[in-house]
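Engineer: Could you work out the structure for the sequence below:
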Amino acid sequence: MNFDLLAKDEKSSARAGTITTDHGEIQTPIFMPVGTAGTVKGVHQREIKDDIKADIILGNTYHLFLRPGLDIIQQAGGLHKFISWDKPILTDSGGYQVYSLSERRKIKEEGVTFKSHIDGSSHFFSPENAIDVQRRIGADIIMAFDECTPYPCAYDYAKRSMGMTHRWLKRCCDRFDETEGLYGYKQTLFPIVQGSTYDDLRKESAETVASFEREGNAIGGLSVGEPEEKLYASTDLVCKILPEDKPRYLMGVGTPVNLIECIALGVDMFDCVMPTRNARNGMLFTKNGILNMRNKKWENDFSPIDPDGTTYVDHNYSKAYLRHLIISKEMLGAQIASVHNLGFYLWLVREARQQIINGTFSTWKDGIIPNLSNRL
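Structural biologist: Reported below is the predicted structural model:
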C-alpha cells in the first residue's frame with residue numbers, strides 16, 4: 001500500500017490524498033460502506049460500484065469467521081472473489097465484538113473466548129489467529145486485534161486495556177511479518193489507538209502505535225457513547241501525533257457532521273453503519289438536512305428526495321413514492337433509502353476532498369455544517 005498526500009487546507013488539518021492498493025486507488029478523505037457479512041445490507045454490489053461509486057468497502061472478521069466460515073471463503077479464492085468485488089476491502093479484526101459482545105466473552109492476556117451469537121458455540125481469538133483469519137479472508141487492509149473499551153470507562157481499566165492492546169499489537173505485527181497473503185496480492189496491517197477519552201492514555205497509545213511504523217494507523221474506541229466534544233478532542237490529540245505521511249482511519253464514525261469535523265482534524269478514512277441502518281428506518285440524509293420519510297407531510301410530496309433536487313446517485317424518486325414504500329415495508333424502500341444515504345455520504349467526502357484541493361475547505365465547512373443536522 002502507498003499513500004500520497006496531495007493537498008492540505010491552510011486553516012485546518014484537513015488533507016486530500018490517494019491510497020494505492022493492489023485492488024485499486026482510494027481517494028481520501030473516504031467513507032467506506034460497511035459490508036458486515038460480505039454484503040452492504042440491502043444494496044447490490046453493482047450499485048455500490050456504479051451508482052455510489054465507492055472506492056472501498058468493509059467486511060467484519062467476526063461475522064465472516066462464523067458464517068460462511070473461512071473454508072468457504074478460501075475455497076472461493078478470498079473475499080473479493082466470493083462477493084464479486086474487485087476493488088479494495090478492509091476488514092476489522094473482531095476487536096469491536098470484544099466490546100459489543102460483553103455478555104458472551106472472556107478476555108485474557110492470551111486472547112478472547114467468545115460464544116457465537118448464531119448457535120452459542122465457543123471460539124477463541126488471539127492476536128495471532130486474528131491475523132491468520134484475516135489472511136484467509138484476504139482483505140487489502142486488515143486491522144490489529146484490540147480491545148475497544150466502553151464509555152464511560154474507569155481510568156485504571158482503560159490503562160490496563162490499552163497496555164494489553166499494545167502487547168497484542170506486537171504479537172499481531174510479528175505474526176503479520178512472518179506470514180504472507182494467500183491470494184497473490186499484498187495486504188497491509190493497521191494498528192489501532194485506544195485509551196478511552198483520557199488524554200494521557202490517548203497520547204501514550206498514539207505514540208506507541210506510531211512507533212510501529214506501519215503503512216497506516218487507526219483510531220478506535222470512540223463513537224461508543226461519549227459526548228461529541230470528547231470525540232473531537234481525542235481525535236484532534238491523536239491526529240497531531242500520528243505521522244502525517246500515513247493515512248488515519250477513525251473507526252465507526254459517524255454522522256455527516258462528525259465526518260466533516262473530523263476531516264478538519266486530519267482524518268482520512270471513515271466507516272459507519274449509520275447511513276444504511278438509518279435508511280432502513282426511513283431516515284434520509286441530504287446536504288440541507290435530515291428527512292424522516294415516515295412523516296405524513298411527505299405523503300403527497302412529489303418533489304425529489306433532496307429539497308433542491310440534487311441527486312447523489314443515478315435515480316431520483318419522489319418523497320411520496322419512497323414514503324409509500326417504507327410505510328408499506330417494501331424491501332425496495334429500504335434499498336432506495338440505503339443507496340441514497342450511501343450516495344450522500346460519498347458525495348460529502350468527495351466534495352470535502354475537492355474543497356481541500358481548491359483551498360476553500362474551511363469556508364465550505366462553515367457553510368454546510370449548520371445545514372447537515374436540520375430536521376426537514
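Engineer: Provide a list of residues in contact with A154.
Structural biologist: Not one residue lies near A154 by C-beta atoms under 8 Å, 6 or more residues apart in numbering. All C-beta spots, glycine's among them, are computed from the backbone N, C-alpha and C.
Engineer: again, but for the one 3 residues further on
Structural biologist: Counting by C-beta under 8 Å, 6+ apart, Y157 makes contact with T149.
Engineer: looking at this, it is in a helix?
Structural biologist: Yes: assigned with DSSP: H, G, I helix; E, B strand; the rest coil, Y157 falls within a helix.
Engineer: How confident was the prediction at it?
Structural biologist: On the pLDDT scale, Y157 is placed at 96.
Engineer: again with A334
Structural biologist: So, for A334, pLDDT stands at 96.
Engineer: do the same with G95
Structural biologist: The model reports G95 with a pLDDT of 72.
Engineer: Nearest residue to it in space, ignoring adjacent ones along the chain?
Structural biologist: Leaving aside its chain neighbours, G95 sits nearest to D146 (4.1 Å; criterion: C-beta to C-beta, 6 or more residues apart in numbering).
Engineer: Now the one you found: phi and psi?
Structural biologist: The phi/psi pair for D146 (degrees, to the nearest 10) reads phi -140, psi 170.
Engineer: how near is it to T179?
Structural biologist: D146 sits 19 Å away from T179, going by C-beta to C-beta, to the nearest Å.
Engineer: Give the residue from those two that has the larger number of neighbours.
Structural biologist: Using other C-beta atoms under 10 Å as the criterion, D146 and T179 rank with D146 on top: 32 against 13.
Engineer: gap between that one and R171?
Structural biologist: Applying C-beta to C-beta, the value for D146 to R171 is 11 Å.
Engineer: Same check on R15?
Structural biologist: Going from R15 to R171 by C-beta to C-beta gives 32 Å.
Engineer: Find me the pLDDT at the residue of the chain most remote from its centre, would you?
Structural biologist: Going by C-alpha atoms, centre = their mean, the residue of the chain most distant from its centre is N300, 35.9 Å out. Each residue has a pLDDT score; the one for N300 is 97.
Engineer: That one looks like it's in a strand, true?
Structural biologist: No: counting by three-state DSSP, N300 is not part of a strand but coil.
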